[in-house]
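Student: Attaching a predicted model along with its sequence, questions to come.
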Amino acid sequence: MDAQFKKGILKLCVLALLERRDWYGYEISDYLARKIDIADGTVYPLLRKLKSDGLLSTYLQEESGGPPRKYYSLTELGKENLNAGREAYLQFSRVVNDMLEGRSDD
């Protein structure tokens with residue numbers, strides 16, 4: 001798949017995952033690498049940016065037998081951003097799907 005497709009939608013994918021529950025960084029990275037084949041190290045800069053933009057918050061949680069993990073969760077602003085992005089993406093996706101499948105109102 002084209003890297004630009006992935007890059008353009010990665011933020012929305014991260015926000016959507018965090019809507020379900022809190023995740024730690026490696027868990028997000030591993031899940032997305034398996035689902036949309038992203039390179040290692042792609043997610044962490046995005047997580048830092050989303051946190052600095054106020055869309056995510058973090059907390060440390062002790063794990064048995066290991067160091068604490070940094071978990072990410074959506075803020076209210078993150079939820080608003082996800083909802084707006086989801087609506088825009090789904091509308092855009094419907095238009096593109098119609099064009100690619102030869103359905104057009106022209």
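Tutor: Structure received.

Student: To what extent is the residue nearest to Lys51 when sequence neighbours are not counted buried, counted in neighbours?
Tutor: Closest residue to Lys51 apart from its sequence neighbours, by Cβ to Cβ, 6 or more residues apart in numbering: Thr58 at 6.3 Å. No exception for glycine: its C-beta is placed from N, CA and C like everyone else's. Thr58 has 14 neighbours, counted by other Cβ atoms under 10 Å.

Student: List the buried residues in the helix or strand in which Thr58 is found.
Tutor: Using DSSP states H and E, Thr58 sits within strand 56-63. For strand 56-63, the neighbour count (16 or more other Cβ atoms under 10 Å) marks Leu56 as buried.

Student: Show me what that strand pairs with in its sheet, parallel or antiparallel.
Tutor: strand 66-74 (antiparallel) (DSSP bridges).

Student: Quick one: mean pLDDT for stretch 6-25?
Tutor: Stretch 6-25 shows an average pLDDT of 94 in the prediction.

Student: lowest-confidence helix or strand of this protein?
Tutor: Lowest mean confidence among the helices and strands of the chain (mean pLDDT, DSSP states H and E): helix 3-20, at a mean of 89.

Student: Next, the angle strand 56-63 makes with it.
Tutor: Taking axes from the mean of the first three to the mean of the last three Cα atoms, to 10 degrees, one finds that helix 3-20 is oriented at 70 degrees with respect to strand 56-63.

Student: And the next helix or strand past helix 3-20?
Tutor: Moving toward the C-terminus from helix 3-20, the next helix or strand (DSSP H and E) is strand 23-24.

Student: Note down every partner strand of that next one and its orientation.
Tutor: Strand pairing for strand 23-24, determined by DSSP bridges: strand 66-74 (antiparallel).

Student: Report the rounded mean pLDDT for the partner strand.
Tutor: Per-residue pLDDT values across strand 66-74 average out to 95.
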